[in-house]
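Participant: Could you work out the structure for the sequence below:
(one chain, ligands or ions: 1)
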Amino acid sequence: MFKRVLIANRGEIALRIIYALKELGIESVVVYSEADENSLPVMMADYAVKIGPPNPINSYLNIKNILAAAEITNADAIHPGYGFLAENAEFAEMCRDHGITFIGPPPEAIRAMGDKVRAKKLMKEAGVPVVPGTDEPIEDVDEAFRIAKEIGFPVILKAAAGGGGRGMRLVRDEKQFRTAFQAARAEAEAAFKDGRIYIEKYLEDPRHIEIQILGDQHGNLIHLGERECSLQRRHQKIMEEALSPALDEEKRKWLGEVAVRGARAIGYHSAGTMEFLMDRDGNIYFIEMNTRVQVEHPVTEMITGVDIIKQMILIAQGEKLNMKQEDIEFRGHAIEARITAEDPERNFTPTAGKIEFLHKPGGPGVRVDSHIYAGYTIPPYYDSMIAKLIVWDENRDKAIRRLRRALEEFYIEGPGIKTIIPLHLKILENERFLKGDLSTHLLDEILGTFEEV
Ligand code: ADP
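Facilitator: The predicted structure follows:
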């Protein structure tokens, strides 16, 4: 059993992990940068270790200092949260080498899924439908062009090492292809130090649907249903819900089984997410797997009653999953609105500064996962997400009403601070959204600026 767990993260997810540890009777150690000295996780953890200056390269990504902090505090395990080191296979390996348990999947699985071309190939071999495209990165521009024509335009060029919505380029017609391909290569090389590009069929107006996986180290793997994450800006999710209005019982069962099969093929354990796109004809294709807990995990927790973070900890301890697929029931509907400190009126410029007045919504079916408090200063160095507002109700219509009510009573005020709460309220008025007719372009439509890829 773990006695003490170190959290290699900050913000709301650090706090979320502290909650789980406390309830399991495990001590928490949080690492923090100079910019997070006055943060809630630092105040709430049993121990806190300063690991470096604000720049994440020197703190939250500083493997040496994080491992040293784990050793000094005698931590048995490290939970990486999401972002930062969560999908860094070398870090997971180094934990293992230092006799510290990495709370996540095996490094081999992280590595296999981290290379997006290899991931697609492995999934295809496992019988998971993948987006039509190349199985290998393409070097030669003439060959790439030939393949693109074979796949059929429009195509999307993707960096094998891409992630976080970066490293993608849409090519609508043949004439633009060569220039786009060279540019994509150069961009990928500059951004990821890996210029490998692969080609995929571009799906028009698809939905993003993903399956939450949970598996132990004894071969038990289940899924916790799907999340619909189609509301995105520049390929970054901003509102998610569970379940998806697009799947019926039968399709849900099929997709769940497909996802479990895929995860099993790479020897997966811990929590993970298989991401898919669904085209307008209802065809579903795998795009990638996230080998960590995701920002939007709470919507699944709300409809299944499963505490995903606790499960990750118990699984890492070597315990057997205490639930079977047939035990998983979906109750009601949950929606999450990511609240970022950005100004939607000024092209989503991040805002920072001191929060002088804060009122978080409450009441039945409302959950706020957030590290902010009145008097807290939002630092300018990190991701701009400052809160996740999650609501649950019996069905989608009621959940939408509840979300509107909760958004309206959420006040985050301070000089210069803006949030995207007004944008969320705007989404809730959109007719397509209300009908459940979602797509990855719907938000652009709502924003009135159709910006493609
Ligand atoms: P990342 O790892 O950067 O998040 P993903 O492969 O998960 O990249 O894709 C992110 C988003 O980009 C998807 O949710 C979708 O909106 C869009 N996208 C990716 N591939 C395609 C495709 N083949 N056709 C259309 N849209 C795509």
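Participant: The ligand contacts on the stretch 301-450 of the chain?
Facilitator: Proximity of the stretch 301-450 of the chain to the ligand (CB under 6 Å from any ligand atom) is limited to residues T440. All C-beta atoms are positioned from the backbone trio N, CA, C, and that covers glycine.
Participant: List the contacts of G262.
Facilitator: Residues in contact with G262 (CB atoms under 8 Å, 6 or more residues apart in numbering) are 123, 126, 128, 274, 286, 289.
Participant: got the CA coordinates for the helix or strand hosting it in PDB?
Facilitator: Secondary-structure assignment from DSSP states H and E places G262 in helix 249-265. Taking C-alpha atoms only, helix 249-265 is exported to PDB below (Å, rounded to 0.1, in the frame of the first residue of the first chain):
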ATOM      1  CA  GLU A 249     -27.100   1.500 -27.100                       C
ATOM      2  CA  GLU A 250     -25.900  -0.800 -29.800                       C
ATOM      3  CA  LYS A 251     -23.200   1.600 -31.200                       C
ATOM      4  CA  ARG A 252     -22.100   2.400 -27.700                       C
ATOM      5  CA  LYS A 253     -21.600  -1.300 -26.900                       C
ATOM      6  CA  TRP A 254     -19.700  -1.800 -30.100                       C
ATOM      7  CA  LEU A 255     -17.400   1.200 -29.700                       C
ATOM      8  CA  GLY A 256     -16.700   0.300 -26.100                       C
ATOM      9  CA  GLU A 257     -15.700  -3.200 -27.100                       C
ATOM     10  CA  VAL A 258     -13.500  -1.800 -29.900                       C
ATOM     11  CA  ALA A 259     -11.800   0.500 -27.500                       C
ATOM     12  CA  VAL A 260     -11.100  -2.200 -25.000                       C
ATOM     13  CA  ARG A 261      -9.800  -4.400 -27.700                       C
ATOM     14  CA  GLY A 262      -7.400  -1.700 -28.800                       C
ATOM     15  CA  ALA A 263      -6.200  -1.000 -25.200                       C
ATOM     16  CA  ARG A 264      -5.700  -4.700 -24.600                       C
ATOM     17  CA  ALA A 265      -3.500  -5.000 -27.700                       C
END
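Participant: how about it: buried residues?
Facilitator: 251-252, 255-256, 258-260, 262-263, 265 (16 or more other CB atoms under 10 Å).
Participant: same thing with stretch 177-184?
Facilitator: Of the residues in stretch 177-184, 177, 180-181, 184 count as buried by neighbour count, 16+ other CB under 10 Å.
Participant: Now intersect the contacts of G262 with the strands, please.
Facilitator: Judged by DSSP state E, those include 274, 286, 289 as members of strands.
Participant: So which of the buried residues of stretch 177-184 is the closest to D36?
Facilitator: Nearest to D36 among these, counting by CB to CB, is A184 at 35.9 Å.
Participant: Can you classify the closest one by secondary structure?
Facilitator: Secondary structure for A184, judged by DSSP: H, G, I helix; E, B strand; the rest coil, is helix.
Participant: So it sits against I156, correct?
Facilitator: No: counting by CB atoms under 8 Å, A184 does not reach I156; the two are 9.7 Å apart.
Participant: Touching both of those two, which residues are there?
Facilitator: R169.
Participant: Return the residues in contact with the residue nearest to the spatial centre of the chain.
Facilitator: The residue lying closest to the centre of the chain (CA atoms, centre = their mean) is Q294, at 3.7 Å. Contacts for Q294 were tallied using CB under 8 Å, 6+ apart; they are 82, 210, 212, 273.
Participant: is it true that the second one touches M278?
Facilitator: No: when contacts are counted by CB under 8 Å, E210 is not listed as touching M278 (10.6 Å).
Participant: Which one of the two is surrounded by more residues?
Facilitator: The neighbour count for E210 versus M278, taken as other CB atoms under 10 Å, is higher for E210 (28 against 23).
Participant: what pLDDT does the more buried one get?
Facilitator: pLDDT recorded at E210 is 98.
Participant: Give me the nearest residue to it, chain neighbours excluded.
Facilitator: E275 (4.5 Å; CB to CB, 6 or more residues apart in numbering).
Participant: my guess is that neighbour meets I213, correct?
Facilitator: No: look at E275 against I213 with CB under 8 Å: they stay out of range, at 11.0 Å.
Participant: So the two - more neighbours on which side?
Facilitator: Counted by other CB under 10 Å, E275 and I213 do not tie: I213 has more neighbours, with 26 against 18.
Participant: partners of the more buried one in the sheet?
Facilitator: For I213, the beta-bridge partners are H223, G272 (DSSP bridges).
Participant: Who are the contact partners of it?
Facilitator: Contacts for I213 (CB under 8 Å, 6+ apart) come out as 221-224, 259-260, 263, 268, 271-274.
Participant: In a markdown table: the residues you listed, plus pLDDT and distance to M94.
Facilitator: A markdown table is the format used below for those (pLDDT from 0 to 100; distance: CB to CB, whole Å):
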| residue | pLDDT | distance to M94 |
| --- | --- | --- |
| L221 | 98 | 26 |
| I222 | 98 | 30 |
| H223 | 98 | 30 |
| L224 | 98 | 30 |
| A259 | 98 | 29 |
| V260 | 98 | 29 |
| A263 | 97 | 24 |
| Y268 | 98 | 20 |
| A271 | 98 | 21 |
| G272 | 98 | 20 |
| T273 | 98 | 24 |
| M274 | 98 | 27 |
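Participant: of all the residues you listed, which comes closest to P344?
Facilitator: When the contacts of I213 are compared for distance to P344 (CB to CB), T273 wins out at 27.0 Å.
Participant: Name all residues that make contact with the spatially closest residue to that closest one that is not a sequence neighbour.
Facilitator: Closest residue to T273 apart from its sequence neighbours, by CB to CB, 6+ apart: N290 at 4.5 Å. The contact partners of N290, taken as CB under 8 Å, 6+ apart, are 87, 113, 272-273, 275.
Participant: Select from the residues you listed the one having the most neighbours.
Facilitator: Neighbour counts for those, by other CB under 10 Å, peak at G272, which reaches 28 neighbours.
Participant: Quick check: that residue vs L447, distance?
Facilitator: According to CB to CB, to the nearest Å, G272 and L447 sit 31 Å apart.
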